[in-house]
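Asker: compute the structure for the input listed below.
(one chain, ligands or ions: 1)
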Amino acid sequence: MSDVKKWGDEEFWGLGYEFDPQWILTPHQKELQAKLIELSRTTLRDNAIESDKKLLFPRKNFEALAKHGFLGIFVPKELGGMGENHVAAAMAVETIARYGCASTAMCYTMHLGAVAAALFRHHNNKTLTDILRRLDKDVLIGTLSFSDPETGSHFWYPISSGAEKVEGGWKVRKKASWTTSGGFADWYVIQTTSPDFGGNYGDLSCWLVLKDEVKAEPSKWDGLGLRGNQSGTLEVDNVVLPPDRMVGPKGDGALANDECVDPFFLLCSSACWNGIALGMIDIAKRHTTTKKHVDVGMRVCDYPTIQDYVGEAIIDTNASRALTFQMARAMDDATNNCDWSIHKDLTAAPRAQTLPWMWQVKFAAAKNVAHVTDKMLHACGGTGYKPGLGIERYLRDGKAGWVMGPTNEVLRQFVGKSALLGFESLDYWNTSINERVLANETKKMNSSQKKAFAEKLLAEAQGKAAE
Ligand SMILES: Cc1cc2nc3c(=O)[nH]c(=O)nc-3n(C[C@H](O)[C@H](O)[C@H](O)COP(=O)(O)OP(=O)(O)OC[C@H]3O[C@@H](n4cnc5c(N)ncnc54)[C@H](O)[C@@H]3O)c2cc1C
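Answerer: I've put the predicted structure just below:
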């Protein structure tokens, strides 16, 4: 492979390979990367403009990716996939976001999250195995539908959902407030409270739902950026699913989150934010090295201020990429290079050990892209503010990083709280009592307030006991 990054027959106009951590990639992964750059040049990048302008789902881009086998990038070879690993997945998402289309990169991220959830539990499931075999041949796009309208970015808490055993399978209901590729995907992995739910929201189950079983409202989708990603509402309205549509055993949802959905979403979405940051630096390089100020005879890139902007953006973005790829490699090491056969043992969860690190990866990437988007706009001046340069679209796309769940507010608290108070203090499903807060509040009550409060609690306890 050439050491010179190519854009068609010419040298690439942005940053060269000397600023990419190429040593992390195998020779085959470098070939895949070059293929994705070429696909971006010929197809994905032009479609990105159309997707953004017309709120168009990037199906054409998925078709192009499927032609080269990218929908099954880490599907085992015996199922017709590429048999690649976590590093390859992160590289692919980053490359698509950087040179091609950020909306496609996000839809691809959600697709890979769904593929991981399916691979995790496909071993005794013919329907899942059949989908995995046909991903590229039939361009079967998957996605994850988790976020609930009642619980916002606490996507692990699906209040508006439920499932019960019925004649012929399971009756499943779910309302989702956001679903990337909603109404356009061919298959969905969704999460609900488990059948026989007894009030513990940590008791979750996963389901495979097909496109004709969901109600989506794509016409209502509109967003600041990632406008092609069509993240609208979704409803599964008491649909009866055949028995094998439960993904994994009953109650497997929390483990599936920790082992697959979270690690893959955090890894690939971070790669997407890194790719957007790099895409902006590339454009800023091209623009500032060509734009001249005739009065002083300087190009924009000749001002030290602009050099500082670009220098800092490269350093910060590469720090984020280094962490992202380091964690991808850590997951490769922990899973024998993404060997899905380890999950024949239903308790195997090596990726889950990395979660506290994966929170840091996403926080760093989303924080960085927000900063870099601002600085590259500043570097390109008013020209960057107009759509023609592409900076403006990337800026809007990049803003999704911070607010997508788990949001950066939630992540920094997870990390700080677990470091200070222990992991058990995170209390995802709101079940542990904060005795300090309770004691502090009751301390403020006078005796009649205490009495009234105690009576209220007693009545509630008696009501519960009578239920
Ligand atoms: C482009 C895009 C694509 C998406 N795609 C999908 C998808 O495919 N599937 C899916 O399931 N979801 C998806 N989502 C949803 C996403 O993951 C979040 O659920 C959603 O962004 C939450 O929005 P909200 O308005 O409910 O935020 P809220 O949850 O109401 O948050 C509002 C503010 O409160 C803060 N906050 C919330 N909880 C806490 C806390 N415990 N501590 C401190 N601060 C807190 C937040 O950080 C934020 O600042 C997508 C979102 C976007 C923007």
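
Asker: so which bits of stretch 358-376 are buried?
Answerer: 358-370, 372-376 (16 or more other C-beta atoms under 10 Å). No exception for glycine: its C-beta is placed from N, CA and C like everyone else's.

Asker: just stretch 47-62 next, same as before
Answerer: 47, 48, 51, 52, 55, 56, 57, 58, 59, 60, 61, 62.

Asker: and these as CSV, adding distance to residue 280, pLDDT and secondary structure?
Answerer: Below are these laid out as CSV (distance: C-beta to C-beta, whole Å; pLDDT from 0 to 100; DSSP: H, G, I helix; E, B strand; the rest coil):
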residue, distance to residue 280, pLDDT, secondary structure
47, 19, 95, helix
48, 13, 96, helix
51, 18, 95, helix
52, 15, 96, helix
55, 22, 95, coil
56, 22, 96, coil
57, 24, 97, coil
58, 20, 97, coil
59, 26, 97, helix
60, 24, 97, helix
61, 20, 98, helix
62, 24, 98, helix
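
Asker: ok, the residues you listed vs residue 432, which is closest?
Answerer: Nearest to residue 432 out of the buried residues of stretch 47-62 is residue 57 (C-beta to C-beta; 41.6 Å).

Asker: give me the pLDDT value at residue 467.
Answerer: The model reports residue 467 with a pLDDT of 66.

Asker: wait, residue 160
Answerer: At residue 160, pLDDT is 95.

Asker: for residue 463, same thing?
Answerer: For residue 463, pLDDT reads 87.

Asker: which outside residues touch the helix or strand where it lies?
Answerer: Taking DSSP states H and E as the definition, residue 463 sits inside helix 447-466. Defining contact as C-beta atoms under 8 Å, 6 or more residues apart in numbering, one finds that helix 447-466 is touched by 442, 445.

Asker: check contacts around the residue in the stretch 201-350 of the chain that the ligand sits nearest to.
Answerer: Going by C-beta to the nearest ligand atom, the ligand is nearest to residue 231 of the stretch 201-350 of the chain, at 3.6 Å. Counting by C-beta under 8 Å, 6+ apart, residue 231 makes contact with 178, 179, 180, 181, 182, 221, 223.

Asker: for the fifth one, phi and psi?
Answerer: Translated: residue 182. phi -60, psi 120 (degrees, to the nearest 10).

Asker: ok, it - contacts?
Answerer: Contacts for residue 182 were tallied using C-beta under 8 Å, 6+ apart; they are 143, 145, 176, 214, 216-218, 221, 230-234.

Asker: now do the fourth one
Answerer: With contact set as C-beta under 8 Å, 6+ apart, residue 181 has these partners: 57, 107, 110, 111, 141, 143, 229, 230, 231.

Asker: what about it, which SS state?
Answerer: coil (DSSP: H, G, I helix; E, B strand; the rest coil).

Asker: distance of it from residue 290?
Answerer: Remark: distance between residue 181 and residue 290 (C-beta to C-beta, to the nearest Å) = 37 Å.

Asker: now do the contacts for whatever residue of the chain ends up closest to the ligand.
Answerer: Closest contact between the chain and the ligand, by C-beta to the nearest ligand atom, is at residue 152 (2.5 Å). Residue 152 is in contact with 177, 405, counting by C-beta under 8 Å, 6+ apart.
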